[in-house]
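>>> Based on what follows, work out the 3D shape:
(one chain, ligands or ions: 4)
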Amino acid sequence: MKLLKDILYGVGLNAVSGDTNVLINQVHFDSRQIGMDDVFVAIKGLQVDGHKFIAKAIDAGVKAVVCEVMPEMVINGITYIQVKDSQQALAVMAANFYDNPSKNLKLVGVTGTNGKTTISTLLYNLFKSAGYKVGLISTIKIMVDDKEFATTHTTPDSLTINKCLDLMSQAGVEFCFMEVSSHGLHQKRAEGLHFQGAVFTNLSHDHLDYHKTFAAYRDTKKLLFDGLTKTAFALTNLDDKNGAVMLQNTKAKKLSYSLKSMTDYRGQILERQLDGQLLKVDDNELWTKLIGDFNAYNILAIYAVAIELGLERLEVLRLISELQTVDGRFQYFVSKNKITAIVDYAHTPDALKNVLNTINTLRTGNEKVITVVGCGGDRDKSKRPVMGHIASEMSQQAIFTSDNPRTEEPATIIQEMEAGVEPQNTRKVLSIENRRQAIRTACKLAVANDIILVAGKGHETYQETNGVRTEFDDFKELKIALKEIEG
Ligand SMILES: CC(=O)N[C@H]1[C@@H](OP(=O)(O)OP(=O)(O)OC[C@H]2O[C@@H](n3ccc(=O)[nH]c3=O)[C@H](O)[C@@H]2O)O[C@H](CO)[C@@H](O)[C@@H]1O[C@H](C)C(=O)N[C@@H](C)C(=O)N[C@H](CCC(=O)O)C(=O)O
Ligand SMILES: Nc1ncnc2c1ncn2[C@@H]1O[C@H](COP(=O)(O)OP(=O)(O)OP(=O)(O)O)[C@@H](O)[C@H]1O
Ligand SMILES: N[C@H](CCC[C@H](N)C(=O)O)C(=O)O
Ligand SMILES: [Mg+2]
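Ligands and ions are numbered 1, 2, ... in the order given. You can find the predicted model right below:
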């Protein structure tokens, strides 16, 4: 239990009706989870207005309500707090409620269109193997040192973030690596957190359904850097054309990494193979199992963060060379029939292009690249023709299929992907709605030395249709289908 006035510390209050000197059990923003003596924060959402549920929350026993619009009738004994921005208020209240846990550990946020999970997860693994207690908040999972928790978002709501940071703090965690998505920043899920550092990976086409313009998307990412204090570090990828923009208004120590120009952290690719690549980082050579130019960037970012957080250079290089790939990120195996099967979470045009580029640079002869790919439903529609174009242009065979249709018609999504295929590439495209059938067809079409890329779902273990998630795992499907062919 905590006093409401302490929970509200630092929240800009427009108006107060009632007593703030009351004990509160828990902070909530969802009337379906509310209990006795809680405070309910009403948020205007995209689907519904949380203010509609104030009466329901009061019926359920809340002591206080935080809202942007005061109800016409106030009830005696209930405290009403009017704020300008409920999402922001929620984030500050969440941090206060859990005693600002982000101050008890070194928190590093990673933002950008692609690479957040890879960098955060690898940093978690690296610091674990260096012997530290570490936390992770990522698309795949939340880790409180060795304890794993399931997650629903890349960047969870501010209450969940602070609750997890509190658990980490209690467990003696020293470092936490966290993905900070553009939705998370826009919805102020990470507001009020004390970041020791922030990393920008890259910016390319995604989520324009939500942010509307590319400039708005970029400026949202930049908020992470704008909010840093001068004791933090701000690390950016200078080879991305928006990299320098991120550092424009930050008070933090400005740092950059690049494969192309002289920067604080500079790398070079010396050798590329299917099972790894040789990099030059500073003046040292470094072998990594992670392949692709995009992973060379990820490795440089990891190296820079580890050094900025106080680890010793040579030790960092040694630990990086031992890092394994992240689930669903260029995860591959070679079948008995010598077919290489790759699963990758590429679900943006840029990621798909990068992965196919990497595969194409590794081709040694006439082997076919067969790409199985779909686009998510209820997500940015404008990326569909672009991804259709890339898959058909950069592979010898493309199979368009479903990837979490959600509430949309799978056939319509596929048609939108087909619209991006150039006339000369149409003969290379097959459309098979059922993802299992699509993967099986790819396996049947493959012969020795061919490469199958199944893109878009990576680590996901489900296919979501109309709110129902059915078990589905690209990697397992490939294993089964290729085994069947082996006979
Ligand atoms: C588009 C988006 O981000 N939506 C998020 C948003 O939902 P919303 O605005 O639709 O909320 P709403 O349903 O209108 O409800 C408004 C308010 O009323 C409350 N409510 C609602 C119903 C009720 O009975 N009682 C009640 O109190 C809700 O709890 C909420 O506070 O606020 C919700 C609560 O925090 C989020 O769960 C929800 O994430 C949805 C599920 C989602 O799919 N988000 C994705 C797009 C997302 O955030 N993705 C990024 C990663 C993107 C990337 O790859 O870069 C992420 O960080 O995960
Ligand atoms: N630094 C990078 N630059 C470009 N593409 C990358 C980079 N790192 C990974 N990728 C590609 O993007 C895909 C997604 O990578 P990852 O999961 O690390 O990104 P993310 O930013 O966490 O994505 P999400 O927005 O879904 O959380 C990978 O499977 C790979 O194809
Ligand atoms: N974080 C991304 C993941 C997309 C993964 C893809 N498999 C899909 O379902 O569209 C999103 O929620 O937009
Ligand atoms: Mg992620």
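>>> Would you map the helices across the stretch 301-450 of the chain?
Per DSSP state H, counting those that start in this stretch, the stretch 301-450 of the chain carries helices over the ranges 313-321, 349-362, 383-394, 410-418, 435-445.
>>> Between these, which shows the greatest average number of neighbours?
Comparing the helices of the stretch 301-450 of the chain by mean neighbour count (mean count of other C-beta atoms under 10 Å), helix 383-394 ranks first with a mean of 24. Glycine gets a C-beta too; all of them are placed from N, C-alpha and C.
>>> what sits up against that one?
For helix 383-394, the surrounding residues in contact (C-beta atoms under 8 Å, 6 or more residues apart in numbering) are 205-206, 208, 348-349, 352-353, 356-357, 360, 369, 371, 373, 375, 398, 400, 413, 416-422, 425-426, 428-429, 455.
>>> again, but for stretch 347-356
If you take C-beta under 8 Å, 6+ apart as the criterion, stretch 347-356 is touched by 113-114, 202, 204-206, 292-294, 330, 342, 344-346, 369, 371, 373, 375-376, 383, 386-387, 390-391, 394-395, 403, 453, 455-458.
>>> is any part of that stretch close to ligand 2?
Yes. Using C-beta under 6 Å from any ligand atom, stretch 347-356 reaches ligand 2 at 350-351, 354-355.
>>> so the residue of the chain most remote from its centre, which of the three states?
Within the chain, residue 76 marks the point farthest from the mean C-alpha position, 44.0 Å out by C-alpha atoms, centre = their mean. Secondary structure for residue 76, judged by DSSP: H, G, I helix; E, B strand; the rest coil, is coil.
>>> any low-confidence regions in the stretch 351-487 of the chain?
487 (pLDDT under 70).
>>> For ligand 2, give me its nearest residue in it.
Here the stretch 351-487 of the chain gets closest to ligand 2 at one residue, residue 351, 3.3 Å apart by C-beta to the nearest ligand atom.
>>> Just name the shakiest helix or strand of this protein by mean pLDDT.
helix 208-211 (a mean of 78; mean pLDDT, DSSP states H and E).
>>> Pull out the buried residues from that helix.
Within helix 208-211, the residues that count as buried by 16 or more other C-beta atoms under 10 Å are 208, 211.
>>> Other residues contacting it?
Counting by C-beta under 8 Å, 6+ apart, 182-183, 186, 214, 217, 220, 379-383 sit against helix 208-211.
>>> Out of those, which end up buried?
Using 16+ other C-beta under 10 Å, the buried ones in the contacts of helix 208-211 are 182, 186, 217, 220, 379-381, 383.
>>> which of the residues you listed are close to ligand 3?
Of those, the ones that also sit near ligand 3 (C-beta under 6 Å from any ligand atom) are residue 379.
>>> With distance to residue 238 added, can I get the buried ones among the contacts of helix 208-211 in TSV?
Formatted as TSV, the buried ones among the contacts of helix 208-211 follow (distance: C-beta to C-beta, whole Å):
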residue	distance to residue 238
182	21
186	25
217	20
220	20
379	30
380	27
381	32
383	26
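>>> Ligand 3: which of the buried ones among the contacts of helix 208-211 is nearest?
Nearest member of the buried ones among the contacts of helix 208-211 to ligand 3, counting by C-beta to the nearest ligand atom, is residue 379, at 4.9 Å.
>>> Not counting sequence-adjacent ones, nearest residue to that closest one?
The spatial neighbour of residue 379 that comes closest, neighbours along the chain excluded (C-beta to C-beta, 6 or more residues apart in numbering), is residue 209 at 6.4 Å.
>>> Mind pulling up the pLDDT for residue 218?
pLDDT, residue 218: 87.
>>> With the one 10 residues further on instead?
Per-residue confidence at residue 228 stands at 97 (pLDDT).
>>> right, and it touches residue 194 too?
No. In this structure, residue 228 is not within contact of residue 194 by C-beta atoms under 8 Å, at 9.5 Å.
>>> Same drill for these two, tell me which one is more crowded.
Neighbour count, other C-beta atoms under 10 Å: between residue 228 and residue 194, residue 228 has more, with 22 against 19.
>>> Run through the residues that contact the more buried one.
195, 197-198, 234, 250-252.
>>> Which member of these is positioned nearest ligand 1?
residue 198 (15.4 Å).
>>> Am I right that that closest one falls within a helix?
No. Per three-state DSSP, residue 198 lies outside any helix segment and is strand.
>>> distance between stretch 178-192 and the chain's centre?
Computed by C-alpha atoms, centre = their mean, to the nearest Å, the chain-centroid distance of stretch 178-192 equals 11 Å.
>>> show me where the stretch 51-200 of the chain has helices.
54-59, 86-97, 116-129, 158-170, 182-186.
>>> Could you export the ones you listed as a markdown table, including distance to residue 448 and mean pLDDT?
Below are those laid out as a markdown table (distance: least, C-beta to C-beta, whole Å; pLDDT from 0 to 100):
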| stretch | distance to residue 448 | mean pLDDT |
| --- | --- | --- |
| helix 54-59 | 63 | 96 |
| helix 86-97 | 55 | 98 |
| helix 116-129 | 30 | 98 |
| helix 158-170 | 47 | 98 |
| helix 182-186 | 43 | 95 |
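>>> any chance of the ones you listed in TSV, plus distance to ligand 2?
Conversion of the helices of the stretch 51-200 of the chain to TSV gives the following (distance: least, C-beta to the nearest ligand atom, whole Å):
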stretch	distance to ligand 2
helix 54-59	32
helix 86-97	20
helix 116-129	3
helix 158-170	15
helix 182-186	8
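>>> mind checking which of the ones you listed is nearest ligand 1?
Evaluated with C-beta to the nearest ligand atom, the helices of the stretch 51-200 of the chain place helix 182-186 nearest to ligand 1, the distance being 3.5 Å.
>>> which helices and strands does the closest one pack with?
On a contact count with 3 or more C-beta pairs under 8 Å, 6 or more residues apart in numbering; DSSP states H and E, helix 182-186 meets helix 208-211, helix 214-226.
>>> Can you name the residue of this structure nearest ligand 3?
Ligand 3 sits closest to residue 376 of the chain, with a gap of 2.0 Å, by C-beta to the nearest ligand atom.
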